[in-house]
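> only geometry, no sequence info:
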Ligand SMILES: [Zn+2]
């Protein structure tokens, strides 16, 4: 059975440190593969599921099974996601994303794999980013497979749902806003413009497997890297954790920067418990690498 996107229980937390030296050493050696998660985007205003104020307690992410089986679930998803998209559309890369792009420009990184679907690494100038869980910026048709731009669908949805202006109770990392059933009633869901099929955001839902070719590509990246640097992920889903295990089994140092303990701590040589923006700009300073101030991003 292929592993699917599901939460794992926590285990073996590693005490956090504020010492950035091992991470600085790994970066100055080069060949670093970055694996990033929601924690790097919280400073851009996109909330994390977990940690302080995490939304998991009040939000159950949509599962692939619900989305594909249930018309009402899809209406709920698209209504909520349509509102959430406005927040995602406004989010801008932060100092952490810009520092990662600067490390890459200076040849310290082999690649960035991200679990985030927000496109903010690319917005900061990182190239060749592997989007492990897909991207909210794209939409896929479940019937004909056609890919299209989310911005185009957002425009069509605005037109089809003129006057849909409910106030959301909150916004979640998968771009899903909190709305009641009454608020989503009457929301018009739109089909594929090619074949009238069902549209789905091009992201990996909970209960859905990451495409095998994408997983294999990431395994190759782990094999080719000198070390693995985890940025802002609690590694509570197998899709990211397996690369941490893979790196550790291959004898490559795993370094983690995450404020809270992670599911991968037992495989790591260190876990730095600092906010990502602070940690990454401090590292850039120490390595003498200039980071864009974001005014041009
Ligand atoms: Zn289609």
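Perfect, thanks for sending it. Everything quoted here is computed from the prediction, not taken from an experiment. Residues are numbered from 1 along each chain as shown.
> Contacts for stretch 286-297, please.
With CB atoms under 8 Å, 6 or more residues apart in numbering as the test, stretch 286-297 has contacts from 20, 24, 27-28, 92-95, 98-99, 101-103, 106, 108, 123-125, 281, 284. Yep, even glycine has a C-beta here, placed from its N, CA and C like the rest.
> just the buried members of these?
20, 24, 27, 93-95, 98-99, 101-103, 108, 123-125, 281, 284 (16 or more other CB atoms under 10 Å).
> Which ones among the residues you listed map onto helices?
Using DSSP state H, the subset of the buried ones among the contacts of stretch 286-297 located in helices is 24, 27, 95, 98, 99, 101, 102, 103, 123, 281, 284.
> Pick out the most distant pair among these.
Among these, the pair separated by the greatest distance (CB to CB) is 24 and 123, at 25.5 Å.
> pretty sure residue 64 is in contact with residue 210, am I right?
No. Judged on CB atoms under 8 Å, residue 64 makes no contact with residue 210 at a distance of 11.6 Å.
> between these two, which one's more packed in?
Counted by other CB atoms under 10 Å, residue 64 and residue 210 do not tie: residue 210 has more neighbours, with 22 against 16.
> Where does the closest residue to that one other than its chain neighbours sit, in terms of helix or strand?
Residue nearest to residue 210 in three dimensions, not counting chain neighbours: residue 239, with 5.0 Å by CB to CB, 6 or more residues apart in numbering. Assigned by DSSP states H and E, residue 239 belongs to helix 238-249.
> got the residues of the stretch 151-297 of the chain near the ion?
192, 194, 195, 197 (CB under 5 Å from the ion).
> Burial check on the third one, number of neighbours?
Neighbours of residue 195 under the rule other CB under 10 Å: 13.
> For stretch 200-215, measure first residue to last.
Terminal residues of stretch 200-215 are spaced 21 Å apart (CA to CA, to the nearest Å).
> Counting neighbours, what do you get for residue 268?
Number of residues near residue 268 (other CB under 10 Å) recorded here: 22.
> from memory it sits against residue 16, does it?
No. Distance between residue 268 and residue 16: 10.8 Å, which falls outside the contact criterion (CB under 8 Å).
> related to what we said a few turns ago, could I get the buried residue list for the helix holding residue 239?
Residues 238, 239, 240, 241, 242, 243, 244, 245, 246, 247, 248 are the ones in helix 238-249 that count as buried (16+ other CB under 10 Å).
> where does the third one land on pLDDT?
According to the prediction, residue 240 has pLDDT 90.
> Please report how far it lies from residue 228.
10 Å (CB to CB, to the nearest Å).
> which residues do those two both contact?
In contact with both residue 240 and residue 228: residue 35, using CB under 8 Å, 6+ apart.
> returning to that earlier point: which of the buried residues of helix 238-249 lies closest to residue 187?
residue 239 (30.1 Å).
> can you give me the strands in the stretch 51-200 of the chain?
According to DSSP state E, counting those that start in this stretch, the stretch 51-200 of the chain carries its strands in the segments 109-114, 130-131, 134-141, 147-149, 199-203.
> which of the ones you listed is buried the deepest?
Ranked by mean neighbour count, the strands of the stretch 51-200 of the chain are led by strand 109-114 with a mean of 24 (mean count of other CB atoms under 10 Å).
> Which residues does it contact?
Contacts of strand 109-114 (CB under 8 Å, 6+ apart): 31-37, 100, 103-104, 121, 126, 128-132, 218, 221, 224-226, 243.
> Kindly recompute the last result at 7 Å.
31-36, 100, 103-104, 121, 126, 128-132, 218, 221, 224-225 (CB atoms under 7 Å, 6 or more residues apart in numbering).
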